[in-house]
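Chemist: Mind folding the following:
(one chain, ligands or ions: 1)
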Amino acid sequence: MGQLLNKTAIAILGAGAVGQLIYQQLRTDADAPLFITRESEQQQTVTFTALDGQVTESTATLLCAHSDPSLFEHIRLVIVCVKAYQVGDALKSVIDKLPKESHILLLHNGMGPHLEVAGQLRGQGLSLGTTSQAALKQGRWHIVQTGSGSTQLGPLTTPNMGRELKSRLLDAIPGSQWCEPILPSLWHKLAINAAINPLTAIHNCNNGALAQMQYRQQISGVVSELVSVAAADGVKLDESALINRVYEVISLTAANFSSMHQDIANKRKTEIESINGFVVQRAKQHELSAKLNQDLLLRVKEIESAYLI
Ligand code: KPL
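Modeler: Modelled structure (predicted):
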């Protein structure tokens, strides 16, 4: 079994800030995850500035969808760290090369891709995760960790992730825990993102500005709609605890600009479809109203449409 976790057992699909952060946390002197990216196959120097300011450099192996299939043979876990709207295409490009006994872990903001991915798998099991650790890219291969935070991981479909891989993740990622079932944790994080991200993007403000009275009704309303939709989806959430948590995050991250604010400021596609858009989509499925989430979805899409082609 120890043999299973030799070199190349873990691959990270996507090398954004979160993918590189997880790479750094899983990397040891003896072994490191592979990256699967759209770049050509190569050895790549990667730089990491830790929370304490310490800078380290290491050499990572990059594979791509065109790499020789034999290079994928030893992979037992693929951690998918691309944006929610890229998950389907990214996985489709490599799924045929992944061993049947490998396991897929989705780790992105928002919800929804798991519904599509479940149909793409070729016998692999699926787990989901969410993290509130934060990192920023300083360059293509240099990230700076900007915040610690918790990470929840848990199973969605069998075969389950093997015990060794699970321990390796939990030992390496600070503040991580295994949650069964995992969906309540994802809905919980979704509520925080659904309340904070679009409002900061629309009003061009930092997270802290949302503590003002003028946003109170909208924040409570967005969370309340989400709680009803989650309940119809079989996930029970505590509405008032969730609203309190939103305000706690607003206060803890007061000086930060949300990821959606940054996406809009940099004219990038946002994750709105998998945040408020997911609530709206599930609400339609259950014939529920999610008017406030719908309004935020439309407004952010309107802002995006001014620069997205
Ligand atoms: O996760 C976040 C994000 O920006 O996407 C929050 C919690 C809102 C912190 O900024």
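
Chemist: So His138: helix, strand or coil?
Modeler: Rather than His, residue 138 is Gln. strand (DSSP: H, G, I helix; E, B strand; the rest coil).

Chemist: Oops, could you answer that again for Gly154 instead?
Modeler: strand.

Chemist: If it is in a bridge, with which residues?
Modeler: Leu128 (DSSP bridges).

Chemist: near the ligand, which residues of the stretch 151-300 of the chain show up?
Modeler: Counting by CB under 6 Å from any ligand atom, the stretch 151-300 of the chain comes close to the ligand at 192-193, 196-197, 207, 249, 253, 256, 258-259. Using the backbone N, CA and C atoms, a C-beta is placed for each residue, glycine as well.

Chemist: same thing but 8 Å
Modeler: The stretch 151-300 of the chain comes close to the ligand at residues 189, 192-193, 196-197, 200, 207, 249, 253, 256-262, 271, as judged by CB under 8 Å from any ligand atom.

Chemist: For the helix or strand Val246 falls within, buried residues please.
Modeler: Per DSSP states H and E, Val246 falls inside helix 239-252. Across helix 239-252, burial judged by 16 or more other CB atoms under 10 Å covers 239, 242-243, 245-246, 249-250.

Chemist: now do stretch 84-101
Modeler: Judged by neighbour count using 16+ other CB under 10 Å, the buried positions of stretch 84-101 are 84-88, 90-91, 94-95, 97-99.

Chemist: In JSON lines, list those residues along with secondary structure, distance to His74 and pLDDT.
Modeler: Shown next, in JSON lines, are the buried residues of stretch 84-101 (DSSP: H, G, I helix; E, B strand; the rest coil; distance: CB to CB, whole Å; pLDDT from 0 to 100):
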{"residue": "Ala84", "secondary structure": "helix", "distance to His74": "28", "pLDDT": "97"}
{"residue": "Tyr85", "secondary structure": "helix", "distance to His74": "30", "pLDDT": "96"}
{"residue": "Gln86", "secondary structure": "helix", "distance to His74": "25", "pLDDT": "97"}
{"residue": "Val87", "secondary structure": "helix", "distance to His74": "23", "pLDDT": "97"}
{"residue": "Gly88", "secondary structure": "helix", "distance to His74": "25", "pLDDT": "96"}
{"residue": "Ala90", "secondary structure": "helix", "distance to His74": "20", "pLDDT": "96"}
{"residue": "Leu91", "secondary structure": "helix", "distance to His74": "19", "pLDDT": "96"}
{"residue": "Val94", "secondary structure": "coil", "distance to His74": "14", "pLDDT": "96"}
{"residue": "Ile95", "secondary structure": "helix", "distance to His74": "17", "pLDDT": "96"}
{"residue": "Lys97", "secondary structure": "helix", "distance to His74": "12", "pLDDT": "95"}
{"residue": "Leu98", "secondary structure": "coil", "distance to His74": "11", "pLDDT": "96"}
{"residue": "Pro99", "secondary structure": "coil", "distance to His74": "8", "pLDDT": "96"}
